[in-house]
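Asks: With the sequence up front, the predicted model follows.
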2 protein chains.
Amino acid sequence: MTDLPQSVLIKEEGPREGFQIEKGPFTSADKIAVVDALSGTGLRFIQVGSFVAPRLVPGWADAEAVMEGFTPAPGVEYAGLWFNEPGLERALKFRGKLTLKGSISLSASDAFSRKNLNRSHAENLAAMPARIFAHQAADVPVTRIGVMAAFGCNFEGDIQPAQVLATIADGLSVARDTGCTIKDVMVADTMGWATPIRVERVIGAVRAAHPDLRITLHLHDTRGLGIANAHAGLRMGVDSFDTSVAGLGGCPFAAQPGAPGNIATEELVLLCEEMGIATGIDIDALIEAARLAERIIGRPLPSTLLRSGGLGPIRARAA
Amino acid sequence: MTDLPQSVLIKEEGPREGFQIEKGPFTSADKIAVVDALSGTGLRFIQVGSFVAPRLVPGWADAEAVMEGFTPAPGVEYAGLWFNEPGLERALKFRGKLTLKGSISLSASDAFSRKNLNRSHAENLAAMPARIFAHQAADVPVTRIGVMAAFGCNFEGDIQPAQVLATIADGLSVARDTGCTIKDVMVADTMGWATPIRVERVIGAVRAAHPDLRITLHLHDTRGLGIANAHAGLRMGVDSFDTSVAGLGGCPFAAQPGAPGNIATEELVLLCEEMGIATGIDIDALIEAARLAERIIGRPLPSTLLRSGGLGPIRARAA
């Protein structure tokens, strides 16, 4: 089956991912510079930063300063991330500048839930209604289910499509009980287990079961297959992807430091644009933003395209 | 169309590529250590080194010492590379230890021929018979046509499938005139222009025109699409690939240093094995060889899998 979309939504998570995982310290001005550079590229969604406890993620202790400081561009949706009510409270102060949406975040792997959240899938599920009510009380819609470890898990091994479907069903059940209308499902390859054939199977199963939900693929390039997996997703009609400029971020589950996290935004844009799938993004401006991020981070970032440059300028010179 | 092969031949070019392009200096013992490590992985083809003028490629001035020194494993075909008669003469001294085969090496881009070889495609073609006769006089069979720049060219821009077909036709015509029997055609993305859709078109055209020729894809990961392109090749039934362990090598045509050349062998092995396509290769042994190569080279190499490690040991621990 080939069902390539005509256009895709690329959700940029690089600033949040990168400044969370890189050592630093980085100034708020550095973070703002990256967000502002991204705002001028044609991206329609940018996750700016994270309202997490500074004790856990010191890199985002200055989330407020960055949210204050960046200059929003028209037509761009800016988002933040939070995991609990104190985080939500912090985010609410930027309502308007940020578009606030809540998520029912689950894992297809019970073992990963226990490792990552220190509670079972069932306990995680049981904790959701209180979290959703807090969002509803603040008039923040909960419209999305996220499924971590949807392709495999370092602690549980292979994950079957049926486990992903069961996890989505659990999320929809909580949504029903709490009066949320779910529009989106995010399927994440949290630990780098996806292959094109697994993408075909999992996305095929989710599509068939939930034709009304928009699927976002969140792919990591942990083992070099990230863009091949994205291509498999495109072929299955997926038209929304989470990515990081320059491949900002990383993987705490890899054997050695330096393993990539999210697929690089510019590599997905190249793949799409060269295949006639519109992204709305100026890839050369994006590569410049990637290079700015790399200079600020101060180490070579995973994206190979940022080193090689796009085809547009070469094509123009050759013509 | 999906026409995944049941097994693939992976032709390892890492030692030759890597020690040609990396600064060094490296000892012959270093080079031998990499070749010997690769010999124990299940690879069936290893290109050991290059008989090029030391003036042009000082990294391979010690080709003879390396060819002398490595320990051949049973069932592995070892190859060398040469570009002219002095190179062929040097290679002939290792006949038996090396399997010697000649190639009709052409470019689908006339502009690339001029830049790379300082002669036009027509001049390159006219020079072939003398080169082939030298091989025939030494009883070295010429069985392969190589087509560089088959997907695009930094100096000519996009390359159409028809140009690739015309280039192969030119090669076959020379082969006919000189009495060579061509069995293989190698199609190379020399400058990193391939995308999955270009692979489908070019390979589709070559397959349709020459169902009797075995196609080898030589893909570069210049812009991060290498493994996605390999997957597209597999879907088109391609069952032979040139690769480099750890992504050894590089790209002289990239905008910045550090851009990858050949796709990483271990990433292609992961893709194949996880999709049920047999490679005969022990991926964990291959990743160890990649790490050895990285320690010897002394800088982070492009492969991400060598940093993350394979899924086998993780799967075993999780089970």
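Replies: Structure received.
Asks: Low-confidence regions, the stretch 151-300 of chain A specifically.
Replies: Applying pLDDT under 70 to the stretch 151-300 of chain A picks out residues A:255.
Asks: Show me the helices in the stretch 101-250 of chain A, by range?
Replies: Assigned by DSSP state H, counting those that start in this stretch, the stretch 101-250 of chain A shows helices spanning A:110-117, A:121-137, A:161-178, A:196-209, A:226-235.
Asks: Which one of the ones you listed lies nearest to chain B?
Replies: helix A:226-235 (4.1 Å; Cβ to the nearest Cβ). The way it works is simple: take the backbone N, C-alpha and C, and place the C-beta from them, glycine included.
Asks: Now for whichever residue of the stretch 51-200 of chain A sits closest to chain B: which residues touch it?
Replies: Closest to chain B within the stretch 51-200 of chain A is A:G157: 3.9 Å, counting by Cβ to the nearest Cβ. If you count contacts by Cβ atoms under 8 Å, 6 or more residues apart in numbering or on different chains, A:G157 has them with B:314-315, B:318-319.
Asks: so what's it bridging to?
Replies: Assessed by DSSP bridges, A:G157 has beta-bridge partners A:C153.
Asks: Quick check: A:L286 touching A:V269?
Replies: Yes - when contacts are counted by Cβ atoms under 8 Å, A:L286 is listed as touching A:V269 (6.2 Å).
Asks: which parts of the stretch 51-200 of chain A sit against chain B?
Replies: When proximity is defined as Cβ under 8 Å from any Cβ of the partner chain, the stretch 51-200 of chain A approaches chain B at A:111, A:152-158, A:192-193, A:195-198.
Asks: Give me the buried entries from those.
Replies: Using 16 or more other Cβ atoms under 10 Å in any protein chain shown as the burial test, those include A:111, A:152-157, A:192-193, A:195-198 as buried.
Asks: Can you add distance to A:E13 and give the residues you listed back as JSON lines?
Replies: Output for these, formatted as JSON lines (distance: Cβ to Cβ, whole Å):
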{"residue": "A:A111", "distance to A:E13": "25"}
{"residue": "A:G152", "distance to A:E13": "21"}
{"residue": "A:C153", "distance to A:E13": "21"}
{"residue": "A:N154", "distance to A:E13": "21"}
{"residue": "A:F155", "distance to A:E13": "24"}
{"residue": "A:E156", "distance to A:E13": "25"}
{"residue": "A:G157", "distance to A:E13": "27"}
{"residue": "A:G192", "distance to A:E13": "16"}
{"residue": "A:W193", "distance to A:E13": "20"}
{"residue": "A:T195", "distance to A:E13": "22"}
{"residue": "A:P196", "distance to A:E13": "22"}
{"residue": "A:I197", "distance to A:E13": "26"}
{"residue": "A:R198", "distance to A:E13": "22"}
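Asks: how about the strands in chain A?
Replies: For chain A, applying DSSP state E gives strands covering A:9-12, A:45-50, A:77-81, A:102-107, A:142-148, A:152-153, A:157-158, A:184-188, A:214-218, A:240-243.
Asks: Of the contacts of A:G157 - the most surrounded one?
Replies: In terms of neighbour count, B:I314 stands highest of the contacts of A:G157 at 21 neighbours, by other Cβ atoms under 10 Å in any protein chain shown.
Asks: List the residues that contact the nearest residue to that one once chain neighbours are set aside.
Replies: Distances taken as Cβ to Cβ, 6 or more residues apart in numbering or on different chains place A:N154 nearest to B:I314, at 5.2 Å, with adjacent residues excluded. By Cβ under 8 Å, 6+ apart, A:N154 lies in contact with A:112, A:191, A:253, B:314, B:318.
Asks: Surely A:L165 touches A:R207?
Replies: No - applying Cβ under 8 Å, one finds A:L165 not in contact with A:R207, separated by 10.9 Å.
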